[in-house]
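[1] sequence plus the predicted model coming up.
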Amino acid sequence: MLDNKKILLCVTGGIAVYKAVALVSKLSQAGADVRVMMTESAMEFVTPLSFQAMSRNDVYFDTFDEKDSQVIAHIDLADWADLVIVAPATANVIGKLANGIADNMVTTTLLATTAEVWIAPAMNVHMYENKAVVRNIARLHEDGYRFIEPSEGFLACGYVGKGRLEEPEKIVALVQERFQSKRAHLPLSGKKVVITAGPTRERIDPVRYVSNFSTGKMGYAMAEAAAALGADTVLISGPVGLPKPAGVRVIDIESAAEMFEAVKSEYDDAYMVVKSAAVADYRPKEIHPQKMKKQSGDSNIELERTVDILKTLGEMKADQLLVGFAAETQHAVEYGKGKLESKNLDYIIVNDVTDPDAGFGKDTNVVTLLSKNGLHQPFQAMPKKELATLLLETIIREESDTIHDR
Ligand code: CTP
């Protein structure tokens, strides 16, 4: 549920620190990447080792202990986080934050972050009702901080009242809700987008194969962009050396036949399929079970056609949007149009791979987006990641215009 969400937990000194250990455990189990930062007082209750073991990450407490010389840790963590939670938050940290005081790693990071900050107070009921604390909380509310109200019950100090740190399960549920509702407003939210990327490998024998120069960069950029636009994204990937994009379900395949099976199994409930992969058009007719030994004289490998996955999807099409790519070395737009029609596509992204800013392995691309409704939109050279977002946004806009026109 919280896959790849980056959460910074700031732990300040109160008896409820032990509950923060459970919170880290539950957030990590839900898939979040959790980093923990502690104040000195927090370390009087629980050692950093407990948090390190639960989060499987280093724990930060000393502003001047720079673990990585390439970055300034408190700024780096402040920038890294999608969400910052202060739990338990003492009256002291609330007072400091309300007054812009930065005198330790936690308070310095809290001032430096632009991420959303949630504060989960825990303290004695009379401290919580103290006018200064009430004033500080009100000011932080005004400044845009969100509070996870403490619950009522037995307090460690012997009182019964409001001041208990909210239960970790409840905090995790609130975090999950927050990430879901953020996604609900995105244009591809609730829609499944299937993207293929990279080359396929067609085996000759156990040590050799036929393939192409595709690195998967464009397809991976499309998957990242689709996920960022809220889609439930499935990336069907040939062998590439790229890290798996955050928030994307990846299915690794090797050959065109395996890609075909994977795409078919994801097709029925897909809203959109984007075929960025450079699928081999031919494969060796026979895969030798043993390594082929060299012979005197020349050799031939007999090739047979692989299935044209995109064309088959076009034939099977219900109401999925089909987006193809066309890699051309000449007459790019003309050939692209031909593929758009012959494969029954909704869109095709055409690129002339001979352009110095385009093609395999490059970080930039230059393309033209064509649609079956006559759209002809060139995009100038730009980074593949930026381009991927623009392409998907253009398609989303075209589709909403089409629905409007109906
Ligand atoms: N494609 C596919 N299955 C294949 C070959 C291509 O799904 N066996 C898809 C690609 O993923 C791409 C589109 O078809 O989205 C166009 O691929 P491209 O290599 O440009 O064209 P081909 O159709 O293979 O035609 P040609 O090689 O003759 O240019």
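    Perfect, I can see it now.
[2] can we go C-alpha only for contacts and neighbour counts from here?
    OK.
[3] what about stretch 220-233, near the ligand?
    No - Stretch 220-233 stays clear of the ligand (CA under 6 Å from any ligand atom), getting no nearer than 12.8 Å.
[4] so how far is that stretch off the chain centroid?
    In terms of CA atoms, centre = their mean, to the nearest Å, the centre of stretch 220-233 is set 8 Å apart from its chain centre.
[5] enumerate the positions of that stretch that are buried.
    Buried positions in stretch 220-233, judged by neighbour count with 16 or more other CA atoms under 10 Å: 220-233.
[6] tell me the mean pLDDT over that stretch?
    Stretch 220-233 shows an average pLDDT of 95 in the prediction.
[7] picking that back up, from the buried residues of stretch 220-233, which land in strands?
    With DSSP state E as the criterion, strands contain 232-233 from among the buried residues of stretch 220-233.
[8] just the buried residues of stretch 220-233 now: which is nearest residue 338?
    residue 222 (23.1 Å; CA to CA).
[9] which of the helices or strands spans the residue nearest to that closest one when sequence neighbours are not counted?
    The shortest distance from residue 222 to any residue other than its chain neighbours is 4.9 Å, reached at residue 388 (CA to CA, 6 or more residues apart in numbering). If you go by DSSP states H and E, residue 388 is part of helix 384-405.
[10] which elements pack onto that helix?
    If you count contacts as 3 or more CA pairs under 8 Å, 6 or more residues apart in numbering; DSSP states H and E, helix 384-405 packs onto helix 217-228, strand 364-371.
[11] can you state the direction angle for the longest one and helix 384-405?
    Read that as helix 217-228. Going by axes from the mean of the first three to the mean of the last three CA atoms, to 10 degrees, helix 217-228 is angled at 50 degrees with respect to helix 384-405.
[12] quick one: helix 217-228 to strand 364-371, angle?
    Using the same axes, to 10 degrees, one finds that helix 217-228 and strand 364-371 are set 70 degrees apart in direction.
[13] so what touches helix 217-228?
    Identification of contacts with helix 217-228 by CA atoms under 8 Å, 6 or more residues apart in numbering yields 188, 193, 195-198, 233-235, 242, 245-248, 275-277, 361-363, 384-385, 388-389, 392.
[14] where are the low-confidence patches of the chain?
    Filtered on pLDDT under 70, the chain yields the residue ranges 403-406.
[15] which residues of it fall in helices?
    Ranges of helices in the chain, per DSSP state H, are 17-29, 40-45, 48-55, 73-80, 91-98, 105-112, 125-129, 131-142, 168-184, 217-228, 256-267, 309-316, 332-342, 384-405.
[16] how about the residues of the stretch 101-250 of the chain by the ligand?
    Residues of the stretch 101-250 of the chain lying near the ligand (CA under 6 Å from any ligand atom): none found.
[17] picking up where we left off before, and the residue nearest to residue 222, how many residues sit next to it?
    Using other CA atoms under 10 Å, residue 388 has 22 neighbouring residues.
[18] now do the contacts for it.
    Contacts of residue 388 by CA under 8 Å, 6+ apart are 218, 221-222, 225.
[19] hang on, the earlier thing: now do the helix holding residue 388: distance to the chain's middle.
    Counting by CA atoms, centre = their mean, helix 384-405 comes out at 20 Å from the chain centroid.
[20] measure stretch 76-84 end to end?
    Stretch 76-84 has an end-to-end distance of 13 Å (CA to CA, to the nearest Å).
[21] buried residues, that stretch. List them.
    Buried residues in stretch 76-84 (16+ other CA under 10 Å): 77-78, 80-84.
[22] let me see the domain layout of this structure.
    By the record's domain assignment, the chain is partitioned as 6-184, 192-284+297-398 (automatic domain parsing).
[23] quick revisit: turn the helices and strands packed on helix 384-405 into CSV, columns for distance to residue 342.
    What follows is these, written out as CSV (distance: least, CA to CA, whole Å):
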stretch, distance to residue 342
helix 217-228, 22
strand 364-371, 13
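[24] closest to residue 331 among the contacts of residue 388?
    Set against residue 331, the nearest of those by CA to CA is residue 218 (21.2 Å).
[25] deepest in the core, which of the helices of the chain is it.
    Of all these, helix 217-228 has the most neighbours on average by mean count of other CA atoms under 10 Å, namely a mean of 26.
[26] just want the angle from that one to helix 168-184.
    Going by the same axes, to 10 degrees, helix 217-228 is angled at 110 degrees with respect to helix 168-184.
[27] pull the distance from helix 217-228 to the chain's centre.
    With CA atoms, centre = their mean, you get 9 Å for helix 217-228.
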